[in-house]
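Novice: make a model of this:
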Amino acid sequence: MNLLFVILSIPGFLKTVGIIVIIYYGLKFIGRLLFPIVVKKAVNNMQARQSAYYSEPKQEGKVTVEKKPGQQGRHRQNEGEYVDFEEVE
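Specialist: Numbering: from 1, shown residues only. So this is what the prediction gives:
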């Protein structure tokens, strides 16, 4: 019974190993085709952002503070500023 189990499991094991090898080489082949396209698109996107950033003329001596949209500060608008203090006797 034990020998029969080993003999019957060998084709299943070989089939599983074969499928894993086929998937590995398939992903490797697709990766070689798609990787240059994805990298080229990312580089072009970064270059477009940099050129847009540096093409805007900045006035000398003017300070600007830019926040990301949707970013809130530490305090809500309806609250006052909290000041920690100590009592002096």
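Novice: all contacts plus neighbour counts: C-alpha atoms, from now on.
Specialist: OK.
Novice: might you list the low-confidence residue ranges for this protein?
Specialist: For the chain, the stretches with pLDDT under 70 are 1-2, 4, 6, 58, 70-81.
Novice: what strand or helix carries the residue nearest to the spatial centre of it?
Specialist: Computing the C-alpha centroid of the chain and ranking residues by Cα atoms, centre = their mean puts residue 42 first, at 12.2 Å. Taking DSSP states H and E as the definition, one finds residue 42 inside helix 2-55.
Novice: can you check residue 82 too?
Specialist: Per DSSP H and E, there is no helix or strand for residue 82.
Novice: next: the one 3 residues further on.
Specialist: Taking DSSP H and E as the definition, residue 85 sits outside all helices and strands.
Novice: all further residue positions should be reported with the first residue as 39.
Specialist: Yes, from this point I'll number from 39; that puts the last item at residue 123.
Novice: next, count neighbours for it.
Specialist: Per other Cα atoms under 10 Å, the neighbour tally for residue 123 reads 6.
Novice: ok, now residue 106?
Specialist: 6.
Novice: gap between it and residue 83?
Specialist: Note on residue 106: its distance to residue 83, by Cα to Cα, to the nearest Å, is 19 Å.
Novice: over to residue 49?
Specialist: 50 Å.
Novice: just residue 65 next, same as before
Specialist: According to Cα to Cα, residue 65 stands 26 Å off from residue 83.
Novice: ok, now residue 76?
Specialist: In terms of Cα to Cα, residue 76 sits 11 Å off from residue 83.
Novice: now do residue 72
Specialist: 17 Å.
Novice: ok, now residue 124?
Specialist: Applying Cα to Cα, the value for residue 124 to residue 83 is 53 Å.
Novice: more neighbours, the two?
Specialist: Set residue 124 next to residue 83 and count neighbours by other Cα under 10 Å: residue 83 wins out with 11 against 5.
Novice: give me the element residue 97 is part of.
Specialist: When the helices and strands are read off by DSSP H and E, none of them contains residue 97.
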